[in-house]
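>>> got a predicted structure plus its sequence, pasted below:
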Amino acid sequence: MFKTFPKGGIHPPENKITADKSVIVLPLPSTVTVPLNQHIGAPATPVVEKGSAVKTGQLIAQAKGFVSANIHSPVSGKVSKIEPVADSTGYKQMSIIIDAEGDEWVETTDRSATLVKEITMTREQIVERCRDCGLVGLGGATFPTHIKMTVPSGKKCDMLIINGVECEPYLTSDHRLMIEKGPEVLTGVTIIMKALGVTQAVIGIEANKPDAISTLAGLSKEFAGISVVALKVKYPQGGEKQLIKACTGREVPSGGLPLDVGVVVQNVGTAFAVYEAVQKNKPLIERVVTVTGKSVSRPGNFLVRIGTPVTTLIEAAGGIPDDTGKVVNGGPMMGKALALTDVPVTKGTSGIILFPEPESRREEMMPCIRCGKCSSACAMGLEPWLLSVLSERAMFEKAETEKITDCMECGACAYTCPAKRPLLDYIRLGKTTVIKMVRERITK
Amino acid sequence: MSSTVLFTIIMLSLLGLLAAVILYVVAQKFKVVEDPRIDLVNEVLPGANCGGCGFTGCRAFSEVLVRSDSFEGLNCPVGGSETMGKAAVILDRQPVAVEPKIAVLRCNGTPEHSQRTSNYDGAMNCRVAHALYGGTTACHYGCLGCGDCVTSCKFDAMYMDPVTQLPVIIDDKCVACGACVKACPRNIIELRKRNRKDRKIYISCVNKDKGGPARKACSVACIGCGKCVKVCPYDAITMADNLAFIDSFKCKLCRKCVIECPTGAILEINFPVKEEKPAGHAVTEVN
C-alpha cells in the first residue's frame, strides 16, 4: 500500500475544485505593493527611493543579515511611495508601492521558454544565485532557501526530499505546477541535489494526484537519482517531519532539524523557482496562487506577480460571492483569515479561499470532555488539550516540559475537537511565549 | 514483675531524654532567625497578594520593607499612604509620601467612533487576538475587547460594557495594582495620578499612525496635531510618534487642552457638568 506517517493525522474533505484548471497568467496590475517582510527573518532594507524608475526583476530591497531575503521589483515603472501599509494580518509594515508602466525586464534575465537542463554552475554559485534572486520556501513557511541549501559543517546530508504533497484541502497550485512544469521542476531538483552534494532525491506526492505522480515518474527516468513516491492521503503529510517519516522511515528528534537525520526538504514550488533563478537568472517575482471556494464562479490557478492586490485576484475568479463569510489566505487548515481583502500577494501566498458564511463560522465552544480525540489526531504525539489549558492558565514552564515547541500548528486537534475548543489558538500563544522564554534564557 | 515495669520506665525515660537532646541540638544548629517585625508588617498589609508592589505577595513585600533602609520607591498601591505609614511606625522609618494612582483606559474606539471592518470569532483572549491580527477596526493599536484586563482584575474593579465594547474601570474599586496594565497586550491601560474626586484628563488614544490614517480609523483618535502641546501652560503635554501624552503629575486639570483638541481625543471625567469657570480659577480650586 501507499506509505504514510504512522502517528495521528486526519482526513478533511479534499475539495480540490481547481485540480484540473490550467494555470492562467493574470494581466499585469496597475500598481503593486511589495512588503519588505515576506520571509522569516529580518525585513529587507529598501535600496530604491520614492520616484526611482525600476525594471521588472530589479533589486529593490536588500536582505538584512543572514536570515533574510532580497526583494525584486515585480513590475517595471516608478516607485510612488515607501510607507507602512496594512498586510494580511491588518498590521502595518513597510512596503514599496510601484506604479506599473509597461513590462521592461532587466537584461540579465533569460525570458525564453526553452528548457535548459545542463547545470554549469558550481555548488557555491548555485547557493549564491538563490540568495541573490531572493528565493524563499514557497510551501508557506517562507524560510530563505539559500540557508537550507548550505549544509553546516559537522552535519551530513544524504538525501533531498521534495514536498509535492499539498495536503491542505482546496489548494492545487503545486499540483498544477508539477503537471505543467514537470521538466523544469525536475531540473530544479537536480540543481538543489548538486548544491547539497547528494545523489538521491525523493519526490513525495499524495495518491490523490495520480496525474502528477505519473507525469513526474515518467519524466524522472531522464534524471539521475530522482524517484517519485506515492503517499497515502492524510493531513498533515506536508509537515516536514511527517514527510521525512513517510518517505524514509527516519524520525527527526524532538527539537531537531531534518538535517539531524541527513535530510533536506524543499517544496516543488521552490524547486521550480530554483530552476528559474539558476538557469534563467529570474528572481522570485511571481508565483502560482489558487483562488477557490464552493460558491466562487470561476475558481482557478493564477500566475501572478508578487504585490498584486488580492482583490484583483478575486475579481479574476469572478468576484466575491454574496454568501462569503471568510476570506482565507493559505490553506483552510493552516491559513489565516484576511482582515482586509485589499492586501498584496506575497511570496508565501499559496491560495485564497472564499468560504461561504455557514462553513466559515466557528461553532460555539463547549467544555472539554477529555475524549482524547485531539491526542490521537496529533501527528507529533502531543496532548493538545493539555497544552491548550496550560497556555490558557499561563503555566508556560509546564507547557515547555510538555514539548509545546514541537507543535507545528497544523490544526488537526482543533479540527477534530467535538467540543469545538479553540485549541490551536491557545497553543500558538503558548508556543510563542515559550520560544521567547527559551530565547531569553539563552541570552542571559 | 516489678523489675520489668521499672526497666520499661527507665528505658522509656532514657529514650525520651536522648530524643530531647537530639532535638535541642538540631534546633540550635538549624535555627532560622527571623525578624519578628516581618510578621508585624505583614499584618498591616492588605493581604490581597495582588503583586501591585512588584513583589510576589504581601509576605515577600514585608520582607523587602524590613530589609531596606528607606521606603524610597516602595509602595503598596492597595493600602496607599495609610498602610505605608503604619509600616513606617513599626519599622521606625521615615514614611515617603506616595501619590495614589488610578488606572485609565486610553482607548475610546467604540463602534460609534471606530467602524468595524471585520469580525473576530476566535478564542476570546486578547493575547491570542493580538498575535493573530490587527483587530476588528482599521486601528491596530486600540482595544481588542476580549477582556483580558477584566479577567486579571482581582478587585472587581472592571467590567466590559456591551454597548461600547470597551472595558470600564470603576474608580472607587481600582487600587492601581497594575495587573490590567500587564495583562493588556496593547498597552492601552495606564496608571495615572489620582486627583481629587477622581477627576481625570487624559489622551484617550494610543494610535501612533499619522493624522490621516489615524482619523480614518477612528473619529476620536489623536492625530498628533500638537495643538494641546502649544496650549498647555504647565508643559505637561509631550508629543512622540504622532501621539500626545499628558503627564498626570504636571497636569493641573485646567482643561484648556480639552477645548483645543480637534478630534475630542482628550477626555475630561468626573468634572461638574455645568461649571464653566475661567481656567485660572479651576486651578486654584482643584489644588
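Perfect, thanks for sending it.
>>> tell me the secondary structure for the closest residue to chain A within chain B?
Using Cβ to the nearest Cβ, the single residue of chain B nearest to chain A is B:Gly134, 2.5 Å away. Where C-beta positions appear, they are placed from N, C-alpha and C, glycine not excepted. Judged by DSSP: H, G, I helix; E, B strand; the rest coil, the three-state class of B:Gly134 is coil.
>>> right, and it touches B:Gly142 too?
No. At 9.6 Å, B:Gly134 does not count as touching B:Gly142 under the criterion of Cβ atoms under 8 Å.
>>> the closest residue to A:Arg370 other than its chain neighbours: neighbour count?
Nearest residue to A:Arg370, sequence neighbours excluded (Cβ to Cβ, 6 or more residues apart in numbering or on different chains): A:Trp385, at 7.0 Å. Counted with other Cβ atoms under 10 Å in any protein chain shown, residues neighbouring A:Trp385 total 23.
>>> quick one: distance of the strand or helix carrying A:Trp385 to the chain centre.
Applying DSSP states H and E as the criterion places A:Trp385 in helix A:384-392. Taking Cα atoms, centre = their mean, to the nearest Å, the mean C-alpha location of helix A:384-392 is offset from the chain mean by 27 Å.
>>> give me the buried positions along the following helix or strand past that helix.
Beyond helix A:384-392 on the C-terminal side, the first helix or strand identified by DSSP H and E is helix A:396-401. Within helix A:396-401, the residues that count as buried by 16 or more other Cβ atoms under 10 Å in any protein chain shown are A:Phe396, A:Ala399, A:Glu400.
>>> where along the chain do the helices fall?
All of this is about chain A. Ranges of helices in chain A, per DSSP state H, are A:123-132, A:145-149, A:173-180, A:182-196, A:210-219, A:240-248, A:268-280, A:310-316, A:357-360, A:373-377, A:384-392, A:396-401, A:412-416, A:423-443.
>>> could you do chain B instead?
Going by DSSP H, chain B shows helices at B:2-29, B:36-44, B:58-67, B:80-91, B:126-132, B:148-152, B:179-183, B:211-217, B:227-231, B:256-260, B:279-286.
>>> that older thread, would you mind measuring from the residue nearest to A:Arg370 to chain B?
Per Cβ to the nearest Cβ, to the nearest Å, A:Trp385 is found 14 Å from chain B.
>>> list the contacts of that residue.
A:Cys368, A:Arg370, A:Gly372, A:Cys374, A:Ser375, A:Cys413, A:Arg421, A:Leu423 (Cβ atoms under 8 Å, 6 or more residues apart in numbering or on different chains).
>>> ok, 7 Å please
Shown in contact with A:Trp385 (Cβ atoms under 7 Å, 6 or more residues apart in numbering or on different chains): A:Cys368, A:Arg370, A:Cys374, A:Leu423.
>>> just B:Ile246 next, same as before
B:Ile246 neighbours (Cβ under 7 Å, 6+ apart): B:Ile201, B:Tyr202, B:Ile203, B:Ala236, B:Ile237.
>>> follow-up on the earlier one: worst mean pLDDT among the helices of chain A?
Ranked by mean pLDDT, those bottom out at helix A:357-360, with a mean of 88.
>>> contacts only, for residue 37.
I went with chain A, as the question did not name one. A:Pro43, A:Gln93.
>>> meant chain B actually
B:Val66, B:Ile90, B:Leu91.
>>> and the residues you listed near chain A, which?
Among the contacts of B:Arg37, no residue is within reach of chain A (Cβ under 7 Å from any Cβ of the partner chain).
>>> most neighbours out of those residues, which is it?
B:Val66 (20 neighbours).
>>> just the CA atoms of stretch A:427-442, as CSV, please.
C-alpha atoms of stretch A:427-442 as CSV (Å, rounded to 0.1, in the frame of the first residue of the first chain):
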residue,chain,number,x,y,z
ILE,A,427,-1.3,26.5,21.8
ARG,A,428,0.0,29.1,19.4
LEU,A,429,0.0,31.7,22.1
GLY,A,430,1.8,29.3,24.5
LYS,A,431,4.3,28.3,21.8
THR,A,432,5.4,31.8,21.0
THR,A,433,5.7,32.6,24.7
VAL,A,434,7.8,29.5,25.4
ILE,A,435,10.0,30.2,22.5
LYS,A,436,10.5,33.8,23.8
MET,A,437,11.3,32.4,27.3
VAL,A,438,13.8,30.0,25.9
ARG,A,439,15.5,32.7,23.9
GLU,A,440,15.8,35.0,26.9
ARG,A,441,17.3,32.2,28.9
ILE,A,442,19.9,31.6,26.3
